[in-house]
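Asker: What follows is a predicted structure for the sequence shown.
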Amino acid sequence: MRFRPEHAELRTGVRRLLARHDGGTSWRLLAEQVGAPGLAVPERFGGAGFGALEVHAVMEELGHALAEVPFLSSSVLATQALLACDATPARDTWLGRLAEGAATAALAWEEDGDRRAGEETNAHSPSALPRFATHTRAAPPPPTDASGRWTLSGRKLRVLDADTAGLLVVAAATGQGPALFAVAPDAAGVTVVERVPLDLTRSLADIAFDRAEGVPLTFQGGRVLAGALTAASTALTAEQVGGAARCVEMTVEYAGTREQFGRPIGAFQAVKHRLADMYVALESARSLSYAAAFSLDSGDPEAWVDASAAKAACSEAYREIAGEAIQLHGGIGVTWEHEAQRHLKRAHGSASLFGAPEWHRRRLESVIGLEDGAVEPHPGGTLSP
């Protein structure tokens with residue numbers, strides 16, 4: 001399980017670019033010079049045709065730099081959902097635009113509230129989704145309407161980068177089951193309200209739909225969302241590892257220069273122990289994150305297991321390491337100008353994305369035989385959805 005030399009070159013290129021540019025400029029250059037938006041898009045759509053390992057390399061550097069770009073929301077989450085949808089000219093056109101960086105997309109899937117009676121409630125199933133409800137519903141066009149456009153009504157919460165997206169991919173309930181629809185953000189009946197998140201480096205918005213028109217992309221929404229969220233969770237662990245690595249780096253550097261009693265604080269045994277604990281937590285999280293990336297890249301049908309294990313571990317490691325960085329920096333670490341407080345907020349914000357660590361651990365209970373006692377292995381060694 002090793003990354004190749006070209007992955008190291010990709011990391012170096014992204015890190016150098018992010019060191020010189022930020023915001024919208026960095027996103028444009030990531031598209032033009034690195035081709036980042038299209039890394040995991042097949043060549044027939046104008047992408048590079050790579051996979052999860054290349055995405056992982058980029059995400060780790062984005063996390064290291066706390067980059068404010070829509071790579072996770074558009075190039076991973078929404079793009080993976082579109083790739084798994086039914087092939088249509090509209091979908092293919094959007095994939096091409098996303099691959100070249102000419103537009104971004106946002107996947108609106110999360111809701112509050114309990115599931116409706118009779119729907120999937122087993123949170124341990126590979127197809128189960130955290131906080132995915134179907135209160136947003138889609139109605140088909142009347143028989144006399146040949147446009148094929150459905151109308152959506154409901155509300156989606158905490159949609160990543162919805163305020164800048166050119167396309168909304170919206171999950172909604174239909175008579176045929178969960179489905180995904182393409183909706184224009186500026187369409188009649190669509191209201192996007194930006195949230196004020198704890199992590200100001202990541203844009204979130206709530207979206208209300210009031211008979212908004214949408215074009216169906218697939219009526220296999222549960223399967224498509226499960227795959228997209230596995231890919232996004234895996235990519236997010238790379239970002240968390242990159243952020244945690246930056247926290248370790250700057251804390252070690254600070255401990256070597258900040259003096260007390262005439263000595264660098266890094267010379268004190270208690271501080272050395274805390275720095276060592278940070279490093280061990282980082283490397284443990286990195287190992288699980290890389291395992292999830294290789295599992296996803298190989299097409300393993302049980303990649304969701306590695307993704308959940310990595311998401312739980314990396315979320316907690318990043319929070320722990322960022323908290324220790326604040327403690328060892330002292331008062332300066334919580335000032336608005338210091339990088340440490342931004343990493344702490346990113347750590348807590350990212351932990352809640354795509355399912356909290358507790359949800360992912362419960363999801364893994366059946367894998368290790370803790371769900372309702374011992375679980376008999378599934379024939380062939382795999383768990384059925």
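Answerer: Arrived safely, thanks for sending. Residues are numbered from 1 along each chain as shown.
Asker: Report the beta-bridge partners for the closest residue to T134 other than its chain neighbours.
Answerer: Of all residues not flanking T134 in the chain, A173 sits nearest, at 3.4 Å (Cβ to Cβ, 6 or more residues apart in numbering). (C-beta placed from N, C-alpha, C; glycine too.) Beta-bridge partners recorded for A173 (DSSP bridges): R137, P178.
Asker: ok, so what distance separates A173 from F219?
Answerer: Applying Cβ to Cβ, to the nearest Å, the value for A173 to F219 is 11 Å.
Asker: re earlier: return the distance of the residue nearest to T134 relative to A139.
Answerer: Taking Cβ to Cβ, one finds A173 at 10 Å from A139.
Asker: Neighbour count for the two, which is higher?
Answerer: A173 (19 against 13; other Cβ atoms under 10 Å).
Asker: So what are the sheet partners of the lowest-mean-pLDDT helix or strand in the chain and their directions?
Answerer: Every helix and strand of the chain was ranked by mean pLDDT, DSSP states H and E. The lowest is strand 259-260, at a mean of 86. Here strand 259-260 has these sheet partners by DSSP bridges: strand 263-264 (antiparallel).
Asker: residues making contact with the strand it pairs with?
Answerer: 255-258 (Cβ atoms under 8 Å, 6 or more residues apart in numbering).
Asker: chain center to that strand, what's the gap?
Answerer: 40 Å (Cα atoms, centre = their mean, to the nearest Å).
Asker: circling back to that earlier point, out of the contacts of strand 263-264, which are inside helices?
Answerer: 255-257 (DSSP state H).
Asker: Nearest to P185, out of these: which one, please.
Answerer: Checking the ones in helices among the contacts of strand 263-264 against P185 with Cβ to Cβ, the nearest one is A255 at 46.4 Å.
Asker: residue contacts, G349?
Answerer: Neighbours of G349 in contact, by Cβ under 8 Å, 6+ apart: 197-199, 202.
Asker: So R263 versus A106, what's the distance?
Answerer: Where A106 is concerned, R263 sits at a distance of 51 Å (Cβ to Cβ).
Asker: I meant L370, not that one.
Answerer: Distance of L370 to A106, given as Cβ to Cβ: 36 Å.
Asker: picking up where we left off before, drop anything exposed from the contacts of strand 263-264.
Answerer: Neighbour counting over the contacts of strand 263-264 (16 or more other Cβ atoms under 10 Å) leaves A255 as the buried ones.
Asker: Looking at the ones in helices among the contacts of strand 263-264, which one is closest to A188?
Answerer: Closest to A188, out of all of those and judged by Cβ to Cβ, is A255, at 57.0 Å.
Asker: Now do the same for the closest one: its pLDDT.
Answerer: The model reports A255 with a pLDDT of 95.
Asker: Cross-check the contact I'm expecting between it and G266.
Answerer: Yes. The pair A255 / G266 is scored as a contact, 3.3 Å apart, by Cβ atoms under 8 Å.
Asker: what touches both of the two?
Answerer: L275.
Asker: Buried residues, the longest strand belonging to the chain. List them.
Answerer: Selection of the longest strand in the chain by residue count, based on DSSP state E, yields strand 204-218. Within strand 204-218, the residues scored as buried using 16+ other Cβ under 10 Å are 204-207, 209, 212-218.
Asker: Distance of L98 relative to A351?
Answerer: Distance of L98 to A351, given as Cβ to Cβ: 27 Å.
Asker: same question but for A103, I mixed them up
Answerer: Applying Cβ to Cβ to A103 and A351 gives a distance of 29 Å.
Asker: of these two, who's got more company?
Answerer: Neighbours were counted for A103 and for A351 using other Cβ under 10 Å; A351 has more, 21 against 16.
Asker: Quick check: the more buried one vs A309, distance?
Answerer: Counting by Cβ to Cβ, the separation of A351 from A309 is 15 Å.
Asker: Just the CA trace of stretch 309-327, in CSV.
Answerer: Provided in CSV are the C-alpha atoms of stretch 309-327 (Å, rounded to 0.1, in the frame of the first residue of the first chain):
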residue,chain,number,x,y,z
ALA,A,309,-13.4,3.2,10.1
ALA,A,310,-11.2,6.0,8.7
LYS,A,311,-13.9,8.7,9.0
ALA,A,312,-14.4,7.9,12.7
ALA,A,313,-10.7,7.7,13.5
CYS,A,314,-9.5,10.7,11.5
SER,A,315,-12.3,12.9,12.8
GLU,A,316,-11.3,12.3,16.3
ALA,A,317,-7.6,12.4,15.7
TYR,A,318,-7.9,15.8,14.0
ARG,A,319,-9.9,17.2,16.8
GLU,A,320,-7.5,15.9,19.4
ILE,A,321,-4.4,17.1,17.6
ALA,A,322,-5.9,20.5,16.9
GLY,A,323,-6.9,20.9,20.5
GLU,A,324,-3.4,20.0,21.6
ALA,A,325,-2.0,22.5,19.2
ILE,A,326,-4.1,25.2,20.9
GLN,A,327,-3.0,24.1,24.3
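Asker: Widest-spaced pair of the contacts of G349?
Answerer: Within the contacts of G349, L198 and R202 form the most distant pair, 9.2 Å apart (Cβ to Cβ).
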